[in-house]
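S.K.: Dropping the sequence and predicted coords here.
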Amino acid sequence: MPMMIGFAAQRRMMLEAEFVRFVEELPPLGVERLYVTGEFGEQLVRSDTSLEVVIVHQTAEPWRRRADFFVEHLRPRVETRFHVYTAEEFAKLAEVDPLLIRARGIGEPAYAN
């Protein structure tokens, strides 16, 4: 079986480019903060790693529909998972939600308005 070399490095470049594009497009969308999480946030990129972000955004949409707004407006070019919390939810859950604990453990917000 042939050995494939370089796919993880190529994937990292694709994810980084997409992340930079997202950050550039966030200001008019009303995003308060954005945290990168998952394998990309932890610098453990493989050839199938997706872009996973936590977004703090004021919305009245139900939880299951919140990501739709960002899929529609940002039109991801790589597999992306958007986890959207209101500021109140984020403050309430920051110490108990494993996803938020992981995102905050990686570091400061990658974007803050």
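M.R.: Noted; the coordinates are in hand.
S.K.: For the longest helix along the chain, buried residues please.
M.R.: In the chain, with assignment by DSSP state H, the single longest helix is helix 7-25. Judged by neighbour count (16 or more other Cβ atoms under 10 Å), helix 7-25 contains these buried residues: 11-12, 15, 18-19, 22. Using the backbone N, CA and C atoms, a C-beta is placed for each residue, glycine as well.
S.K.: Kindly reformat the residues you listed as a markdown table containing distance to residue 57 and pLDDT.
M.R.: Output for those, formatted as a markdown table (distance: Cβ to Cβ, whole Å; pLDDT from 0 to 100):
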| residue | distance to residue 57 | pLDDT |
| --- | --- | --- |
| 11 | 27 | 91 |
| 12 | 26 | 91 |
| 15 | 21 | 94 |
| 18 | 19 | 95 |
| 19 | 17 | 95 |
| 22 | 13 | 96 |
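S.K.: which among these gets closest to residue 32?
M.R.: residue 22 (14.5 Å; Cβ to Cβ).
S.K.: Backbone dihedrals for the nearest residue to that closest one once chain neighbours are set aside, please?
M.R.: Leaving aside its sequence neighbours, residue 22 sits nearest to residue 74 (Cβ to Cβ, 6 or more residues apart in numbering; 5.6 Å). Torsion angles at residue 74 (phi, psi; degrees, to the nearest 10) stand at phi -100, psi -20.
S.K.: my read: residue 74 touches residue 19, true?
M.R.: No: assessed by Cβ atoms under 8 Å, residue 74 is found out of contact with residue 19, at 10.7 Å.
S.K.: From the buried residues of helix 7-25, pick the one nearest residue 65.
M.R.: residue 22 (19.3 Å).
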